[in-house]
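Q: how would this look folded up:
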Amino acid sequence: MRALVAVVAACLIATVCCTMEPAIEADGDSLNIMAKNVTICQADVSTETCLPGTVVGLFDFFQKFVDLQARVDELEGKVATNADSLETRMDSVEGKVSDNADSLETRMDLAEGRISGNSDSLDSRVGDLEDKVSDNADSLESRVDALEGKVTDDGDSLDTRVGDLEGKVTTNTDSVINRLTDVEADASSLDTRVSGLEGKVTTNDDSLETRVALVEQCGTSTEFSDGSACVSVPGIAPATENDPDCDADTTGRMRIMPDTSLAVCDGTAENVFYPDPPGSVYNPAANCGEIQAAGLPNGHFWIGDGTAATTAHCEDGDLVFDPLFHELGKPILYMPLDGNVRDDLSHVSRTTVHGTEEYQAGIVGQGLKFDDTTYVTLKDLAPWSGPFTTSCWVLMPNLDNGFYPIFGHGQATTEKGLHIAVRYGKPYIGFYSADEGAKGNDLDGLKWNHVVFTSDGGTRKGIYINGRLNVEEIQGFNYQGAGADSELGRLNWRTYETFNGVMDDVAVWDRELTTQEIARLYTHYVDYLGMTNTDCASNPDLANNLIEFDGTQVLCHAGRALPAPYAYFPFDRSTADVYFGRNPAANGNMKYEDSWHGVGFGKSLRFEDSQYLAWDGNQFPDSFWQNAYSVAMWVKFTSVGGSDQNVIGHGAWRTTNGALHITERGGKLHYGMYSNDFTADYDIVAGTWYHVVWQYEPECAECGNDRAAVRVFVNGALAGADTALDLYIGTGANTEVGRNPGSTNNILNGNLDELLFFALALTAEQVADLYAGYEDLITE
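A: So this is what the prediction gives:
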């Protein structure tokens, strides 16, 4: 049986193979795969086991062949269908082409018709124009004829009018003759009036010459000469011309009238300007006695000699201190506290004292003594949300670590409770958050201290002690307190604490005074106190304050009298010269950091990248650098030992003896004039403050002719000198600090503070005093 099955299978296989030859050719990949499977099966297993699997494989193969044939039939059907569709679409396209050809021919026929029609229309329009031209020509001829007729008519009329004019001329001639007669009759009257004017001119000649001289000097009637410069006149400008010029509240006050004339109010609606009436540029009284003799009340008046004047506060014939308002501008509050709490510059009564009212000796005149019950209400005074400056003198014999308010406003809420005070022995300002106290040592309660607080109206607050910036802070918010009134000597939102001591000369401005203005204000008080040369020693709190003694200027510095400087730059948030106006051009973004003392002594100027200061030849002429001079400074180098760091430069670069460069070189202090240099043998440490004085003295006693001495002092002592250098001959360049005008790559990387220029060679003793003064100021 098995043999029979094998024979049948063999025949079947042969038959299938013969039948599948076309399919095998069509599907060779599938056949090859199946043949491999059959062969593998035959090689791996016996015939009994493999045969049934082979038959099944053949049936599967037949099924795939049938499926393949069906797919071929399906594809042939799709091809036939697509062929019919393609023929249909081609017939449609041919029909559209034929239709479009007919449409195109139709449109061309229409266009030809329009062109023909337009041509006929154009011929017609040309004909119409020719007719119009012909008609207008006829009309023009008619109009010319009409004009010729009018000319003839007007000619007759013109003759008539000329005749009329001739008649009028004759009549007017008679009138002119009569008027000339009248003028001759008035001649004698005119002579009389001229004589009167000549008399008045003669009378006013002196006054006129004075006024002309003033105008030539100052250029405007709202300025006057103070002997050295033109200064804006003080006074109160009316808001409009309709405002009353004077009233009871402005009695004795200076006023700038709407016509820019000056006046003193006499308590009525009339303006009195002593001793001349309004309209004069100014004609000051000689002294307060003349003011009193004229019957005028106490107040501010011009005091001078007729060529230069300043305002003075006269009380019962006596001169009372005037706190320099003609330079700083009118404050919104000024309380001299000389026997009363009156606001001396206000139009209205705005101050009320509460509790014990007692006055005693002040820094100038009298001051108000405050005890546990004393305070003053300041009506309608609340500039605290904007820029402001407060100034006052305080004497606090019982000073301790308590809280002693000076100004109070607002309420006990974050950013809404202003408190300007002395706290923990130091001046202190706060907004009921982000408070700021002065740095350094406590105030000396047994001495009068001038304390100033400032705000820019934004995030910056400053505290000044005795004319110097002590601390300045930038914070992320500003004051938001509400309320119309403020208090002096107490906080209206914390009433159990009051000021304890004496206050004098309280003033408030609604702007932030500059560091230079505050220094000038303090110095003005010192000037008024009548210091003498010996008084420098008795005023150790003064730091580089310029004082004039008997016509000679002296720099009072921590109780020591030094020569007046040529220029002074404390760099307290400004690059200005505080005394002489020799202000540089600041180049780059000026940055201010802590001073040489860290905190408590203002600021220092940071130099890095591209910052430098430059003065032209008018401010620092070549002669300054060719003659004896000293330059003092506090300096800190961020790094040392690399490329040169130019501190000061002048002259023409790469010119022998003509290119000044004061530098740090190789970790030492170097003074050079190009091929004529000197290096002090003193090692500089990066990040350390040094007080350095650079000095040049041509033909000094030990130098001889045509030779110069260069000396370098560090921290008050001589660090090195050379007395045999060639003379400096540099010319024609700016003076620069922070770099050299001829070598702009070697810039300073560090800080400068307390920069002083002297137009002389300081002695060794004076250099030592200058340094020792700084040391004394920070140890007091």
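Q: next up, the contacts around L660.
A: Counting by C-beta atoms under 8 Å, 6 or more residues apart in numbering, L660 makes contact with 625, 648-651, 672-673, 728, 730. Placement of C-beta: from N, CA and C, glycine included.
Q: show me how to select, in ChimeraX, the buried members of these.
A: Filtering the contacts of L660 down to the buried ones (16 or more other C-beta atoms under 10 Å) takes a single ChimeraX command:
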select :625,648,649,650,651,672,673,728,730
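Q: what would the contacts of L660 look like in a markdown table with secondary structure, distance to N340 and pLDDT?
A: Listed next are the contacts of L660 as a markdown table, based on DSSP: H, G, I helix; E, B strand; the rest coil; distance: C-beta to C-beta, whole Å; pLDDT from 0 to 100:
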| residue | secondary structure | distance to N340 | pLDDT |
| --- | --- | --- | --- |
| W625 | helix | 56 | 96 |
| I648 | strand | 53 | 96 |
| G649 | strand | 57 | 94 |
| H650 | strand | 56 | 94 |
| G651 | strand | 61 | 91 |
| G672 | strand | 64 | 92 |
| M673 | coil | 64 | 92 |
| Y728 | coil | 61 | 95 |
| G730 | coil | 61 | 92 |
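Q: from the contacts of L660, which is closest to S610?
A: G649 (14.9 Å; C-beta to C-beta).
Q: residue ranges with poor pLDDT in the stretch 651-780 of the chain?
A: Residues of the stretch 651-780 of the chain meeting the criterion pLDDT under 70: 779-780.
Q: right, I mislabeled it, should have said the stretch 51-200 of the chain
A: In the predicted model, the stretch 51-200 of the chain carries pLDDT under 70 at residues 51-62, 65, 79, 83, 86, 90, 93-200.
Q: now do the stretch 201-350 of the chain
A: Residues of the stretch 201-350 of the chain that meet the criterion pLDDT under 70 lie in 201-284, 296-313, 319-323, 325-326, 345-349.
Q: any idea how far the residue lying closest to S595 once chain neighbours are set aside is from T356?
A: Nearest in space to S595, with sequence neighbours left out and distances taken as C-beta to C-beta, 6 or more residues apart in numbering, is F601 at 4.2 Å. Separation of F601 from T356 (C-beta to C-beta, to the nearest Å): 38 Å.
Q: who has more neighbours out of those two?
A: F601 (26 against 12; other C-beta atoms under 10 Å).
Q: so what does the host helix or strand of the more buried one touch, helix or strand wise?
A: Element membership for F601, per DSSP states H and E: strand 598-607. Secondary-structure packing of strand 598-607 (3 or more C-beta pairs under 8 Å, 6 or more residues apart in numbering; DSSP states H and E): strand 468-474, strand 591-595, strand 750-758, helix 764-779.
Q: let's see 10 Å
A: Strand 598-607 is packed against strand 460-465, strand 468-474, strand 591-595, strand 629-637, strand 645-651, strand 750-758, helix 764-779, with contacts defined by 3 or more C-beta pairs under 10 Å, 6 or more residues apart in numbering; DSSP states H and E.
Q: pairing partners for the shortest one, with directions?
A: Right, the one you point to is strand 591-595. If you go by DSSP bridges, strand 591-595 pairs up with strand 598-607 (antiparallel).
Q: with just CA atoms, put the following helix or strand past the strand it pairs with into CSV.
A: Downstream of strand 598-607, the next assigned helix or strand under DSSP H and E is strand 612-615. Taking C-alpha atoms only, strand 612-615 is exported to CSV below (Å, rounded to 0.1, in the frame of the first residue of the first chain):
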residue,chain,number,x,y,z
TYR,A,612,38.6,108.5,32.9
LEU,A,613,38.4,112.2,33.6
ALA,A,614,39.7,115.0,31.3
TRP,A,615,40.4,118.7,31.8
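Q: direction included, what does strand 612-615 pair against?
A: According to DSSP bridges, strand 612-615 forms sheet pairs with strand 585-587 (antiparallel), strand 735-737 (antiparallel).
Q: got a markdown table for the ones you listed, with distance to V685 and mean neighbour count too?
A: Output for the strands paired with strand 612-615, formatted as a markdown table (distance: least, C-beta to C-beta, whole Å; neighbours: other C-beta atoms under 10 Å):
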| stretch | distance to V685 | mean neighbour count |
| --- | --- | --- |
| strand 585-587 | 29 | 14 |
| strand 735-737 | 22 | 24 |
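Q: go through the ones you listed and name the closest to D73.
A: strand 585-587 (94.3 Å).
Q: what about that closest one, average pLDDT?
A: The average pLDDT for strand 585-587 rounds to 92.
Q: so the host helix or strand of L669 versus strand 645-651, what angle?
A: Here L669 sits within strand 668-672, counting by DSSP H and E. Interaxial angle of strand 668-672 relative to strand 645-651 (axes from the mean of the first three to the mean of the last three C-alpha atoms, to 10 degrees): 10 degrees.
Q: and strand 668-672, what does it pack against?
A: Using 3+ C-beta pairs under 10 Å, 6+ apart, the elements in contact with strand 668-672 are strand 645-651, strand 659-665, strand 678-679, strand 689-698, strand 708-714, strand 717-725.
Q: ok, 7 Å please
A: Using 3 or more C-beta pairs under 7 Å, 6 or more residues apart in numbering; DSSP states H and E, the elements in contact with strand 668-672 are strand 659-665, strand 678-679, strand 708-714.
Q: tabulate those (JSON lines), appending distance to G430.
A: Output for these, formatted as JSON lines (distance: least, C-beta to C-beta, whole Å):
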{"stretch": "strand 659-665", "distance to G430": "41"}
{"stretch": "strand 678-679", "distance to G430": "50"}
{"stretch": "strand 708-714", "distance to G430": "41"}
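Q: which one of those strands lies nearest to D400?
A: So among these, strand 708-714 is nearest, using C-beta to C-beta, at 40.3 Å.
Q: just want the angle from the closest one to strand 717-725.
A: 170 degrees.
Q: what about T638, how many residues nearby?
A: Neighbour count of T638, defined by other C-beta under 10 Å: 14.
Q: surely it and V685 touch.
A: No: shown here, T638 and V685 do not form a contact pair, counting by C-beta atoms under 7 Å, at 11.4 Å.
Q: what secondary structure does R89 sit in?
A: In three-state terms, and counting by DSSP: H, G, I helix; E, B strand; the rest coil, R89 is helix.
Q: and it, how close does it get to H524?
A: Distance of R89 to H524, computed by C-beta to C-beta: 107 Å.
Q: which one of the two is surrounded by more residues?
A: Higher neighbour count among R89 and H524: H524, with 17 against 10, using other C-beta under 10 Å.
Q: ok, now which ones touch the closest residue to the more buried one other than its chain neighbours?
A: Nearest residue to H524, sequence neighbours excluded (C-beta to C-beta, 6+ apart): L324, at 4.5 Å. Counting by C-beta atoms under 7 Å, 6 or more residues apart in numbering, L324 makes contact with 520-521, 524.
Q: which residue packs closest to T377, ignoring adjacent ones?
A: If the residues on either side of it in the chain are set aside, T377 comes closest to T352, at 4.5 Å by C-beta to C-beta, 6+ apart.
Q: that neighbour - how many residues pack around it?
A: T352 has 12 neighbours, counted by other C-beta under 10 Å.
Q: how near is the spatially closest residue to R665 that is not a sequence neighbour to F637?
A: Using C-beta to C-beta, 6+ apart and skipping the chain neighbours, the partner closest in space to R665 is D644 (5.1 Å). Here the criterion is C-beta to C-beta. By it, D644 lies 11 Å from F637.
Q: what of G732?
A: 29 Å.
Q: which one of these two is surrounded by more residues?
A: Using other C-beta under 10 Å as the criterion, G732 and F637 rank with F637 on top: 24 against 12.
Q: tell me who's in contact with that one.
A: Applying C-beta under 7 Å, 6+ apart, the residues near F637 are 645, 664, 684, 686, 749-750.
Q: tabulate the contacts of L660 (JSON lines), appending distance to A285.
A: Output for the contacts of L660, formatted as JSON lines (distance: C-beta to C-beta, whole Å):
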{"residue": "W625", "distance to A285": "47"}
{"residue": "I648", "distance to A285": "49"}
{"residue": "G649", "distance to A285": "52"}
{"residue": "H650", "distance to A285": "49"}
{"residue": "G651", "distance to A285": "53"}
{"residue": "G672", "distance to A285": "59"}
{"residue": "M673", "distance to A285": "57"}
{"residue": "Y728", "distance to A285": "53"}
{"residue": "G730", "distance to A285": "52"}
